[in-house]
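Engineer: need a structure here:
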Amino acid sequence: MEQYIIKGGMPLAGEVNIAGAKNAALGILAASIMTDETVTIENLPDVSDINVFLQAIESIGAKVERIDRHTAKINASTVDQHEVEEGYMKKIRASYYMLGALLGKYKEAKVVLPGGCKIGARPIDQHLKGFRALGGDVKIEHGSVKVKAERLHSNDIYLDVVTVGATINIMLAAALADGKTTIENAAKEPHVVDVANFLNSMGANIKGAGTDLIRIKGVERLHGTTYSVIPDQIEAGTFMFASAVTKGDVIVKNVIPKHLESITAKLIEMGCEVEEFDDAVRVVSKDRLKKTNIKTLPYPGFPTDMQPQGVVALALAEGVSIVTESIFENRFKYVDELARMGSNIKVEGNTAIIEGVEKYMGASISAPDLRAGAALVIAGLAADGFTSIEDIHYIERGYEDLPEKLSSLGALIEKVSDEKEIQKFKLKVG
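Structural biologist: From the prediction side, this is the model:
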């Protein structure tokens, strides 16, 4: 079984390039099937979620050509079915974006209820509410969602909760609906804006993305385009926290600093120096981290996807910190793994009370989900001795070349597949 083996204690130093945003790319890939013309998408991250999604697009008849590792050409003029195979879609939560895209273009769609990380209940009721408001007939049968419409018409849709997935999905369907649709209480995340910008580059008429009121004037058809995905704020934040916990000095390149403001603010509170450039941030950590409190919130608040990385850092900080998870109810599962490394964290409901310890100790641990897995890698980088992390398939869903990028910064980390390779790594690094 593949795993990461890490020898901790090395400060990270140097420069690292951030890949395209996985969450934006998934919505953009879904939107790419809404035209019969060729779409070229650049800066795609080479991660398993993206590769599975491309296979799913091929499975409905679209032509997918990989120009290089980070560029794909998609032509959906050959799409001949509107049902996405179960095997692909149970693997990734973003399967539901195919509902909005297929419904918008073909007026019918059938998709298996989504998979992905088990970090808590993530109902799709707001998605379905939106589809119904646009004139879709929604049925849930045998674990699948089926949506059909004679035609899609505009409507004013108020989301009961701020949800990225529903905002994007409704935007996809409404782009080709008759009339003017509004989405109130819309999510404002950078990847919502990126999907809207992509649709607009195809001829859609979407205004207000990035605010809580999005206006969509339906158009008759969309055309081909070439588009580059924005940088991944969560990968960037992960490397920023990795620098913080290893007492490092890392320049994180190919980022949009504005997208990182909530992360930057917390690192500064924790005693790090953060320097912003046009498309890079530098994080320097010299002394023991200071305590602070974190509460996850929809953008522009502190991202839920950065909560585990924040906890890993605060568990090494001086004093008592409190982290409140307000988005997902089951996102502290990794705390048991961190306890094996010597942390002192008490979880009560959606709150973690963290008493900082001087150091972590290497241990054998498992990644329970994507972001927690990356956070445990950070803990391993800061720990005394060797740490092995299993179930790395979760991490590879959203991080491209994580061991290689960390190694380029001076980390001692390797992906191994058996005991012999583990021993070889231990002999090599001493």
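Engineer: how about the helices in the stretch 151-300 of the chain?
Structural biologist: 164-174, 190-201, 233-245, 261-269 (DSSP state H, counting those that start in this stretch).
Engineer: And the contacts of the shortest one?
Structural biologist: Outside helix 261-269, the residues within contact range by C-beta atoms under 8 Å, 6 or more residues apart in numbering are 233, 236-237, 240-241, 244, 257, 274, 276, 281, 283, 290, 292, 294, 300-303, 306, 310. In this view, the C-beta of every residue, glycine as well, is placed from N, C-alpha and C.
Engineer: Among the residues you listed, name the buried ones.
Structural biologist: For these, a neighbour count by 16 or more other C-beta atoms under 10 Å gives the buried set as 233, 236-237, 240-241, 244, 257, 274, 281, 283, 290, 292, 294, 302-303, 306, 310.
Engineer: mean confidence for stretch 98-108?
Structural biologist: The average pLDDT for stretch 98-108 rounds to 97.
Engineer: can I assume Asn254 is in contact with Phe277?
Structural biologist: No: counting by C-beta atoms under 8 Å, Asn254 stays clear of Phe277, with 11.1 Å between them.
Engineer: Just want to know which of the two has more residues nearby.
Structural biologist: Neighbour comparison, Asn254 and Phe277: the larger count goes to Asn254, with 17 against 12 (by other C-beta atoms under 10 Å).
Engineer: Contact partners for that one?
Structural biologist: Asn17, Ile18, Pro231, Asp279, Ala280.
Engineer: Equivalent analysis for Val229, please.
Structural biologist: Contacts for Val229 (C-beta under 8 Å, 6+ apart) come out as Gly20, Ala21, Ala24, Ala25, Ile28, Ile41, Glu42, Asn43, Leu44, Pro45, Asp194.
Engineer: Who are the contact partners of the nearest residue to it once chain neighbours are set aside?
Structural biologist: Nearest residue to Val229, sequence neighbours excluded (C-beta to C-beta, 6 or more residues apart in numbering): Gly20, at 3.7 Å. Gly20 is in contact with Asn43, Leu44, Pro45, His70, Ser228, Val229, Ile230, Pro231, Asp232, counting by C-beta under 8 Å, 6+ apart.
Engineer: want to throw these into TSV with distance to Lys207 and pLDDT?
Structural biologist: Formatted as TSV, the contacts of Gly20 follow (distance: C-beta to C-beta, whole Å; pLDDT from 0 to 100):
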residue	distance to Lys207	pLDDT
Asn43	24	98
Leu44	26	98
Pro45	28	98
His70	30	98
Ser228	21	98
Val229	21	98
Ile230	19	98
Pro231	24	98
Asp232	25	98
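Engineer: Reformat those as a markdown table; add distance to His127.
Structural biologist: Listed next are those as a markdown table, based on distance: C-beta to C-beta, whole Å:
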| residue | distance to His127 |
| --- | --- |
| Asn43 | 27 |
| Leu44 | 24 |
| Pro45 | 24 |
| His70 | 29 |
| Ser228 | 27 |
| Val229 | 22 |
| Ile230 | 23 |
| Pro231 | 27 |
| Asp232 | 23 |
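Engineer: closest to Glu318 among these?
Structural biologist: Asp232 (30.6 Å; C-beta to C-beta).
Engineer: For the closest one, the count of nearby residues, please.
Structural biologist: Using other C-beta under 10 Å, Asp232 has 29 neighbouring residues.
Engineer: any idea how far the residue nearest to it when sequence neighbours are not counted is from Glu400?
Structural biologist: Nearest residue to Asp232, sequence neighbours excluded (C-beta to C-beta, 6+ apart): Ala21, at 4.1 Å. Relative to Glu400, Ala21 is positioned 11 Å away (C-beta to C-beta, to the nearest Å).
Engineer: and for the two, which residues touch both?
Structural biologist: Pro45.
Engineer: So between those two, which is more surrounded?
Structural biologist: Ala21 (28 against 22).
Engineer: Look up the residues forming beta bridges with the residue nearest to Val229.
Structural biologist: Counting by DSSP bridges, Gly20 forms beta bridges with Pro231.
Engineer: For it, give me the pLDDT.
Structural biologist: pLDDT, Gly20: 98.
Engineer: Ok, Lys90 next?
Structural biologist: Value listed for Lys90 in the pLDDT field: 72.
Engineer: That one: neighbour count?
Structural biologist: 16.
Engineer: Would you mind measuring from the nearest residue to Glu396 once chain neighbours are set aside to Leu213?
Structural biologist: Excluding its sequence neighbours, the residue lying closest to Glu396 (C-beta to C-beta, 6+ apart) is Ser48, at 5.2 Å. According to C-beta to C-beta, Ser48 and Leu213 sit 35 Å apart.
Engineer: the more surrounded of the two?
Structural biologist: Counted by other C-beta under 10 Å, Ser48 and Leu213 do not tie: Ser48 has more neighbours, with 19 against 12.
Engineer: which residues does the most centrally placed residue in the chain contact?
Structural biologist: Centroid check for the chain by C-alpha atoms, centre = their mean gives Asn23 as the closest residue, at 4.7 Å. Applying C-beta under 8 Å, 6+ apart to Asn23 gives the contacts Ala94, Val164, Glu189, His191, Asp232, Ile234.
Engineer: Tell me which of those has the lowest pLDDT.
Structural biologist: Out of the contacts of Asn23, that is Ala94, at 82.
Engineer: Please pull out the lowest mean pLDDT helix or strand from this protein.
Structural biologist: Every helix and strand in the chain was compared by mean pLDDT, DSSP states H and E; the lowest is helix 86-89, with a mean of 74.
Engineer: what sits up against that helix?
Structural biologist: With contact meaning C-beta under 8 Å, 6+ apart, helix 86-89 is reached by Val52, Phe53, Gln55, Ala56, Ser59, Ser95, Met98, Val111, Val112, Pro114, Gly115, Ser144.
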